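Novice: Based on what follows, work out the 3D shape:
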Amino acid sequence: MRGKQIITVNIISVTSFIIGDVMQPVAVVPGLTGREKEIAQLAAGGLTNREIGERLYISPNTVKTQLKSIFEKLDVNWRTLLRQYWK
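Specialist: Numbers count the residues shown, from 1 in each chain. Predicted coordinates for the structure are as follows:
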């Protein structure tokens with residue numbers, strides 16, 4: 001039982017760290033998965049693919065692939081245009 005409590009506390013701490021400085025959505029962003037929303041928010045906040053990958057424990061190439069999908073779904077061409085969805 002104690003091991004489960006420690007793991008839960010650690011997960012909450014990591015989640016708070018990741019979400020703590022993420023931009024908040026201005027409008028509902030339909031069609032994006034939860035992970036795509038995380039990546040889009042971080043990219044809109046100015047983080048590089050490498051920085052996003054380090055925060056989410058994924059490779060920069062995975063970030064690049066996800067951003068390509070996000071751009072197609074939101075019909076944008078540049079990461080700076082993602083800012084219209086987050087403040």
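
Novice: Give the buried residues for stretch 51-58.
Specialist: Residues of stretch 51-58 classed as buried: 52-53, 55-56, 58 (neighbour count, 16 or more other C-beta atoms under 10 Å). (Glycine included, C-beta is placed from N, CA and C.)

Novice: Now those residues in TSV, please, with extra columns for secondary structure, distance to Thr80 and pLDDT.
Specialist: Listed next are the buried residues of stretch 51-58 as TSV, based on DSSP: H, G, I helix; E, B strand; the rest coil; distance: C-beta to C-beta, whole Å; pLDDT from 0 to 100:
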residue	secondary structure	distance to Thr80	pLDDT
Ile52	helix	15	97
Gly53	helix	19	97
Arg55	helix	19	96
Leu56	helix	20	96
Ile58	coil	22	97
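
Novice: will you turn the residues you listed into CSV that also has distance to Gln84?
Specialist: Listed next are the buried residues of stretch 51-58 as CSV, based on distance: C-beta to C-beta, whole Å:
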residue, distance to Gln84
Ile52, 19
Gly53, 24
Arg55, 22
Leu56, 22
Ile58, 25
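
Novice: I'd like to know how far Leu74 sits from Pro60.
Specialist: Separation of Leu74 from Pro60 (C-beta to C-beta, to the nearest Å): 21 Å.

Novice: Go through the buried residues of stretch 51-58 and say which is closest to Glu38.
Specialist: Of all the buried residues of stretch 51-58, Leu56 has the smallest distance to Glu38: 6.4 Å, by C-beta to C-beta.

Novice: any idea how far the nearest residue to the closest one once chain neighbours are set aside lies from Gln84?
Specialist: The shortest distance from Leu56 to any non-neighbouring residue, by C-beta to C-beta, 6 or more residues apart in numbering, is to Glu38 (6.4 Å). As judged by C-beta to C-beta, Glu38 and Gln84 stand 18 Å apart.

Novice: quick one: which of the two has more around it?
Specialist: Between Glu38 and Gln84, counting by other C-beta atoms under 10 Å, Glu38 is the more crowded of the two (19 against 12).
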